[in-house]
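>>> only the shape, not the letters, is given here:
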């Protein structure tokens, strides 16, 4: 068949992931030697390797495409005041301390196509959360999220804007309304509306962070896209967290289901590593002539953060 003759331009080496994991962990451990518990800055770096497999089945045979991605990420977060880490798991310090912050991030990496020229892509983003806090403030506990992201996959240019307004309805619970807009050069723009709920249950050791969200994306000239997601992270203690999440996206009967799992370990109070896996399973696309397109997306990632 046609699929049997297709080969990757650059086959991935199995030991690449282990080399990159060791590199990130080694740098972080070296930096954390003199770290303190409370912090006002956070630096992060990570690597994600993914694969998109698609198979077109027709009466005349099967054609397969295998596309790989290798993406590096760096980011930095500044907190307007020192974050108190004594209120619960280290992975939830900013959430539990109601910390206002500003984050800058950059990603870069190629997509390796099995039968096309490779494409490189960059992403630039800035995001922030401001939490009104203070004795006697009438707006105390209210929060605002702002974000902008620019994606440049190949020759495309995509701009993402978002604003969220919400409140800490309890010291460990937030509820946020969101508006999102996506502008695509030479494409349809979209507007999205959603709501997110997050809560932390404190245990005698560790705790459980749960979140849920749902919303709608309005696409010009097409049916609306509905999205909902749920997730939870179980903290065995203040240093270890195990998370899982599910997201469903649907439009006019077509569904896309996403699953994710991760493990986070604070090796010291100021240095953490995170291992994650994501899988996306779109519905098969069936064409009127009987052809069928099957797609599966997998991604593995390793990241580290350092606080000071």
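Sure, I can see it. Predicted, not measured: the structure shown is a model, and the values here were computed from it. Numbering: from 1, shown residues only.

>>> tell me where the chain is predicted with low confidence.
1-36, 56-59, 61, 63-64, 111-120, 135-136, 283-293 (pLDDT under 70).

>>> now with 50?
Low-confidence segments of the chain (pLDDT under 50): 1-15, 17, 31-35, 113-117.

>>> for burial, what's the neighbour tally of residue 306?
For residue 306, the count of nearby residues is 21 (other Cβ atoms under 10 Å). From N, CA and C alone the C-beta is placed, and that goes for glycine too.

>>> buried ones in whichever strand or helix holds it?
Using DSSP states H and E, the element containing residue 306 is strand 292-307. Buried positions in strand 292-307, judged by neighbour count with 16 or more other Cβ atoms under 10 Å: 293-295, 297, 299, 301-307.

>>> now the longest strand anywhere in the chain against strand 292-307, angle please.
Secondary structure assigned by DSSP state E gives strand 61-83 as the longest strand of the chain. Inter-element angle recorded for strand 61-83 and strand 292-307: 20 degrees (by axes from the mean of the first three to the mean of the last three Cα atoms, to 10 degrees).

>>> buried ones in strand 61-83?
For strand 61-83, burial by neighbour count (16+ other Cβ under 10 Å) applies to 63-71, 73, 75, 77, 79, 83.

>>> distance from the chain centre to whichever helix or strand comes after it, please.
Sequence order places helix 93-96 as the next helix or strand after strand 61-83, per DSSP H and E. Distance of helix 93-96 from its chain centroid, counting by Cα atoms, centre = their mean, to the nearest Å, is 18 Å.

>>> any chance you could map the strands in the stretch 101-250 of the chain?
Per DSSP state E, counting those that start in this stretch, the stretch 101-250 of the chain carries strands over the ranges 101-112, 119-131, 142-153, 158-170, 173-184, 190-202, 207-219, 225-235, 240-251.

>>> quick one: closest of those to residue 49.
When the strands of the stretch 101-250 of the chain are compared by Cβ to Cβ, strand 101-112 sits nearest residue 49, at 9.1 Å.

>>> parallel or antiparallel, list what pairs with that closest one.
Note on strand 101-112: by DSSP bridges, its sheet partners are strand 61-83 (antiparallel), strand 119-131 (antiparallel).

>>> what's the angle from that strand to strand 142-153?
With the same axes, to 10 degrees as the basis, strand 101-112 and strand 142-153 are set at 20 degrees to each other.

>>> how far does strand 101-112 sit from its chain's centre?
How far strand 101-112 lies from its chain's middle: 11 Å, per Cα atoms, centre = their mean.
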